[in-house]
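>>> need the 3D shape of this:
(chains A and B, ligands or ions: 1)
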Amino acid sequence: MKASLFITCLADLFYPQVGKSVVEVLEHYGVEVDFPMGQTCCGQPAYNSGYHEEAKKAAEQMIRVFEGSTYVVSPSGSCAAMFREIYPQLFREDEEWRERAEKLAQKTYEFSEFLVKVLGVKVEAAFPATATYHHSCHMNRFLGVKEEPITLLNQVEGLTLKDLPYSHDCCGFGGTFSVKMKEISTAMADTKLSHVEETDTEILIGSDLGCLMHLGGRLHRQGKEIKTMHVAEVLAKGLKK
Amino acid sequence: MTARRKEFHQRVEEAFANPQMRKSVPITQDNLRFGRIRAMEELKNGEAWREIASQIRNHTLDHLQEYVNELITNFEKNGGKAHFAKNGEEAVQTVLSIARKHQAKRVVKSKSMVTEEIHLNHALEEDGINVVETDLGEFIIQLAGETPSHILAPAIHKSRQEVAELFSKEAGRPLTDRTEDLTRYARERLRQEFLDADLGITGCNFAVAESGSIILISNEGNARMTSSLPKVHIVVMGMERVVPTWAELDVLVTMLTRNATGQKLSVYMTAISGPRRAGDLDGPEEVHLIILDNGRSDILESKYREVLKCIRCSACVNVCPVYREIGGHAYGGVYSGPIGAVLTPLLDGMEKNKELPFASSLCGACTEVCPVKIPLHHYLIEERKDLVEKGFLPKQERVTFQAFAFLTSHPLFYRSAVRGAGRLSPMFGRDGVLKKGPGMLAGWTDGRDLPLPAKESFHDWWRRQRGEKR
Ligand code: SF4
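Okay, here's the model as predicted:
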């Protein structure tokens, strides 16, 4: 089976190890991974800020780049939701592009969703630690991917996954919201992190690098010990070779 | 009329400087939202109910004029008098002229957001009329000289101690902060007001077109007193509150109470179909219905029409993580939370309220719960787009996003920008993070550390490892 990796701009720039983990895990399960070099950013910052003409430029580029792919897999629920939910709407008045957008939407998957729904994997990994999981909003509400990451993490040997109170509440990242409304955004991070602390775990796992960058950045600022990790990193670190 | 409004960011700062609000809001918000979850689960097929409620509201909006006409005809058949008001000013003048005709000096009111929308209390008081709010929460904030900070629980931001202080001052004697004492005081204090009032003013949760009935939903019973004790009763309703028949009302009331407070039904539901008839034991001699447009017709014709489906249940407010942090006053309008963020710019002007559509992380929690399926967070994005198109946002921002569009559609430039960031990054940060960013980055680093761009991007790693195939 073939799949194309859609790395997302945050992972490309800040967290390349997450991309490497995705590749490692997918290849472990027999997927032939390719990486279309022309990919950039899904356009979400522009779209959510109201700059839809600018967002379309990014979207057209991404649609062109992934046109030859069988599956598109992304380590970000939010960016996958952009492909799947927003692109077809963005081009609703342009028949040609809308059709191309819909084709892309149909083959796009978030990483954990792809592992569970398409590959149906049985996780072969061990990672002794205690952790909790943050459900990011766009993945949970817009993609409808809720249980898949939990299903995977629960199969990791040695990993104790504790329930996060208020786990479906937004962490306050929100893309440009984090900068435009920085006080509110930071206050929301603190609320979220107070719940994370209640779980008394070492690691906060998530599926969206925006949320992890925001929460991790706040933890780091406060000198807290809790680490942040992407699901793909957990699965890759613990892979039984 | 009022002094120039404070800027949004200033209002947010004030909210953060109010520890009592920051403590009270999450507690009440939790009670309401978890109550809602239980009540909706009890219904079993909550999603189907939402769909039906949404369809009822859509259908009503599609035929709004017809149903409003039917309502007026039937309401007047019952002996009431209906008035139509194009805007707040007309509605206020109608109320004032009725008050003057009856030489009213004292008015009792039950809770109504729409009268807040048209600043009715202020106008009545200017006219020398004494107005008393009779809903407990409204009574509290009236004493405090504030505006409601929640659609349903207007005094959500106040503690019991603060209420005791306000009441003690009003009573001229010290009161304990025990809930029973406080409610007893309010009840005694308000009883006399009901008896003395010349005029009762209420809002309207729904109005049934087929029978010309006004429906009031409350838990305190004050709405019944307001509508039945004074000789004259005035109802103010937003024109979209109409419901075709009692069958649809049934669905909407079920959704309203369950989504608002988690109740199967409210304690009181009053249906008023006109003034007292011969032989009736009580009831007002005159009932007036003021149907308010105030921008609603324009919204109906616009892409935001679905916002008029709102039944003011506040479910969206109760799940909103932004509201949780800043409370209701920060929104600056009558309606707070997600519905306020969407509605206030539409009713009160886009440019004046240009921050509100951005006061959301777009998490979608509001859209997920709305019992009538208003696409709230999509509307927020749409409003942002309107603000951009109208040129109401800083020019610098447009330039930035134009640069973004260029980079994202030119992969070679994009890649070299990413690579450049990676090369430069060691010059800025320490221990792998940036603590104090220059320019726009400061917005991030004021509250959070920023990871430094990786020395080698994923793109470069892939090319080094696997070569450039596609
Ligand atoms: S927008 Fe929806 S959830 Fe919010 S108050 Fe109105 S009906 Fe309730």
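>>> contacting residues around the residue in chain A that the ligand sits nearest to?
Nearest residue of chain A to the ligand, counting by C-beta to the nearest ligand atom: A:Arg141, 14.8 Å away. Glycine gets a C-beta too; all of them are placed from N, C-alpha and C. A:Arg141 sits next to B:Cys363, B:Gly364, B:Ala365, B:Thr367, B:Glu368 when contact means C-beta atoms under 8 Å, 6 or more residues apart in numbering or on different chains.
>>> on the three-state scheme, it is what?
At A:Arg141, secondary structure determined by DSSP: H, G, I helix; E, B strand; the rest coil is helix.
>>> in TSV: the contacts of A:Arg141, plus secondary structure and pLDDT.
Formatted as TSV, the contacts of A:Arg141 follow (DSSP: H, G, I helix; E, B strand; the rest coil; pLDDT from 0 to 100):
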residue	secondary structure	pLDDT
B:Cys363	coil	97
B:Gly364	coil	97
B:Ala365	helix	97
B:Thr367	helix	97
B:Glu368	helix	97
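>>> quick check: the residue of chain A most remote from its centre vs A:Pro88, distance?
Within chain A, A:Glu95 marks the point farthest from the mean C-alpha position, 29.1 Å out by C-alpha atoms, centre = their mean. Noted for A:Glu95: a distance of 12 Å to A:Pro88, by C-beta to C-beta, to the nearest Å.
>>> same deal with B:Ala421?
Separation of B:Ala421 from A:Pro88 (C-beta to C-beta): 32 Å.
>>> likewise B:Glu42?
36 Å.
>>> extract the CA atoms of stretch A:47-57 and return them as CSV.
Output in CSV follows, covering the C-alpha atoms of stretch A:47-57 (Å, rounded to 0.1, in the frame of the first residue of the first chain):
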residue,chain,number,x,y,z
TYR,A,47,-8.4,30.9,6.2
ASN,A,48,-9.2,31.3,9.9
SER,A,49,-8.1,34.9,9.9
GLY,A,50,-10.5,35.7,7.1
TYR,A,51,-8.0,35.9,4.3
HIS,A,52,-9.7,33.4,2.0
GLU,A,53,-8.2,34.5,-1.3
GLU,A,54,-4.8,34.0,0.2
ALA,A,55,-5.8,30.7,1.7
LYS,A,56,-7.0,29.5,-1.7
LYS,A,57,-3.5,30.0,-3.1
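>>> quick one: contacts of that stretch?
Stretch A:47-57 is contacted by residues A:43-44, A:46, A:82, A:86, A:90-91, A:174-177, B:362, B:381, B:383-388, B:393, B:397-398, B:401-402, B:404-406, B:408-409 when judged by C-beta under 8 Å, 6+ apart.
>>> try it again with 7 Å
Contact with stretch A:47-57 is made by A:43, A:46, A:86, A:90, A:175-176, B:362, B:381, B:384-385, B:387-388, B:401-402, B:404-405, B:408-409, as judged by C-beta atoms under 7 Å, 6 or more residues apart in numbering or on different chains.
>>> so which bits of it are buried?
Within stretch A:47-57, the residues that count as buried by 16 or more other C-beta atoms under 10 Å in any protein chain shown are A:Tyr47, A:Asn48, A:Ser49, A:Gly50, A:Tyr51, A:His52, A:Glu54, A:Ala55, A:Lys56, A:Lys57.
>>> B:Ile291: what's it in contact with?
B:Val68, B:Ala82, B:His83, B:Phe84, B:Ala85, B:Met237, B:Met239.
>>> show me where the chain has strands.
In the absence of a named chain, this looks at chain A. A:2-5, A:32-34, A:72-74, A:108-110, A:126-133, A:157-162, A:203-206, A:227-230 (DSSP state E).
>>> oops, chain B please
Under DSSP E, chain B gives strands at B:81-85, B:106-109, B:130-133, B:199-202, B:206-208, B:213-218, B:232-238, B:242-243, B:268-272, B:286-292, B:433-434, B:450-451.
>>> average pLDDT for the lengthiest helix in chain A?
Counting by DSSP state H, the longest helix found in chain A is helix A:182-199. Mean per-residue pLDDT for helix A:182-199: 97.
>>> so what pLDDT did B:Glu468 get?
Confidence score, pLDDT, at B:Glu468: 66.
>>> worst average pLDDT in the strands of chain B?
Taking the mean pLDDT of the strands of chain B, strand B:433-434 comes last: a mean of 84.
>>> just want the residue of the stretch 351-470 of chain B that's nearest the ligand.
B:Cys370 (3.4 Å).
>>> ok, that residue - contacts?
Counting by C-beta under 7 Å, 6+ apart, B:Cys370 has contacts B:Ala315, B:Cys316, B:Leu376.
>>> neighbours around B:Ile201, how many?
B:Ile201: 29 surrounding residues under other C-beta atoms under 10 Å in any protein chain shown.
>>> I'd say it and B:Val114 touch.
No. Using C-beta atoms under 7 Å as the test, B:Ile201 is too far from B:Val114 to be in contact (10.5 Å).
>>> between these two, what contacts are shared?
Common neighbours of B:Ile201 and B:Val114, counting by C-beta under 7 Å, 6+ apart, are B:Val236.
>>> who in chain B is up against the ligand?
Contacts of chain B with the ligand, taken as C-beta under 6 Å from any ligand atom, map to B:310-316, B:339, B:369-372, B:374, B:376.
>>> quick one: which of those residues is most hemmed in?
B:Ala315 (32 neighbours).
>>> quick one: contacts for that one?
Per C-beta under 7 Å, 6+ apart, neighbours of B:Ala315: B:Arg36, B:Asn259, B:Ala260, B:Val369, B:Cys370, B:Pro371.
>>> before we move on, what about B:Ser159?
B:Gln20, B:Ser24.
>>> ok, it to B:Met21 distance?
Distance of B:Ser159 to B:Met21, given as C-beta to C-beta: 9 Å.
>>> check B:Phe458 too.
44 Å.
>>> just A:Glu157 next, same as before
47 Å.
>>> so which of those two has more stuff around it?
B:Met21 (23 against 12).
>>> that one contacts B:Ala15, correct?
Yes. Using C-beta under 7 Å, B:Met21 is in contact with B:Ala15, at 6.4 Å.
>>> need the residues touching each of the two.
Contact criterion C-beta under 7 Å, 6+ apart; residues shared by B:Met21 and B:Ala15: B:Gly327.
>>> hmm, the helix or strand of chain B with the lowest mean pLDDT touching chain A?
One helix or strand of chain B scores below all others by mean pLDDT, DSSP states H and E: strand B:433-434, with a mean of 84. Yes. With C-beta under 7 Å from any C-beta of the partner chain as the measure, strand B:433-434 is seen reaching chain A through B:Val433.
>>> which helices and strands sit right next to that strand?
Where contact means 3 or more C-beta pairs under 7 Å, 6 or more residues apart in numbering or on different chains; DSSP states H and E, strand B:433-434 is packed against strand B:450-451.
>>> what does the strand it packs on contact?
With C-beta under 7 Å, 6+ apart as the criterion, strand B:450-451 contacts A:Phe14, A:Met213, A:Gly217, B:Gly432, B:Val433, B:Leu434, B:Gly437, B:Leu441, B:Trp444.
>>> quick check on B:Ala421 and A:Pro88: which one has the bigger neighbour count.
Remark: of B:Ala421 and A:Pro88, A:Pro88 carries more neighbours, 19 against 16, as counted by other C-beta under 10 Å.
>>> OK, contacts around the residue nearest the centre of chain A?
Among the residues of chain A, the one closest to the centroid is A:Ser76, at 1.7 Å (C-alpha atoms, centre = their mean). Listed by C-beta under 7 Å, 6+ apart, the contact set of A:Ser76 reads A:Thr8, A:Asp208, A:Leu209.
>>> go again using 10 Å as the cut-off
The contact partners of A:Ser76, by C-beta atoms under 10 Å, 6 or more residues apart in numbering or on different chains, come to A:6-11, A:18, A:42, A:44, A:82, A:110-111, A:136, A:138-139, A:206-212, A:230.
>>> burial of the closest residue to B:Lys436 other than its chain neighbours, as a residue count?
Distance criterion C-beta to C-beta, 6 or more residues apart in numbering or on different chains; nearest residue to B:Lys436, sequence neighbours excluded, is B:Thr445 at 5.5 Å. For B:Thr445, the neighbour count with other C-beta under 10 Å is 19.
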